[in-house]
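S.K.: Need a 3D model of the sequence below.
(one chain, ligands or ions: 2)
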Amino acid sequence: MSMSVKDRLATNKTKLSKKPHITVETDICDTTCTHKCTTRVCPAKCFEIVNDKMAFQYEDCIECGTCLHACDQGAVSWKFPESGHGITFRLG
Ligand code: SF4
Ligand code: SF4
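M.R.: Ligands and ions are numbered 1, 2, ... in the order given. Sure thing, here's the model as predicted:
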């Protein structure tokens, strides 16, 4: 039986670090970015516009790296989580 992407993502486990592995300069999102593409390409919906402002949260991140490549405004800084933290994929 096949599982939906949403159900597959729900099987993953994350050990959160207090230090975010992704930081977003939301001032850039709010002022100069016209396309807001990361709100559409992030599979975990970590980028959302709330009250006309970028609201980024790293807690549901699956470390795919898409936002780093998608953002053409230099707003995203990405590094691997510190050792022992981050996501563990259950179904590959
Ligand atoms: S593409 Fe970059 S600058 Fe634009 S909303 Fe996404 S993170 Fe912000
Ligand atoms: S690394 Fe992937 S899942 Fe994490 S915030 Fe960026 S696009 Fe979303």
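S.K.: Assumed E59 was part of a helix.
M.R.: No. Assessed with DSSP: H, G, I helix; E, B strand; the rest coil, E59 is coil; it does not lie in a helix.
S.K.: Let me see the ranges of the strands in the protein.
M.R.: 13-15, 22-24, 47-50, 53-56, 76-78, 86-88 (DSSP state E).
S.K.: What residues does the chain have near ligand 1?
M.R.: Counting by C-beta under 6 Å from any ligand atom, the residues of the chain close to ligand 1 are 24, 28-29, 33, 36-38, 47, 54, 71, 73, 75-76. Every C-beta, even on glycine, is put in place using the N, C-alpha and C of the backbone.
S.K.: mind running it again at 5 Å?
M.R.: I28, C29, C33, K36, C37, T38, C71, Q73, A75 (C-beta under 5 Å from any ligand atom).
S.K.: which pair in the residues you listed spans the largest distance?
M.R.: I28 and C37 (12.8 Å; C-beta to C-beta).
S.K.: For the strands of the chain, give me TSV that also has mean pLDDT.
M.R.: TSV is the format used below for these (pLDDT from 0 to 100):
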stretch	mean pLDDT
strand 13-15	76
strand 22-24	93
strand 47-50	97
strand 53-56	97
strand 76-78	92
strand 86-88	71
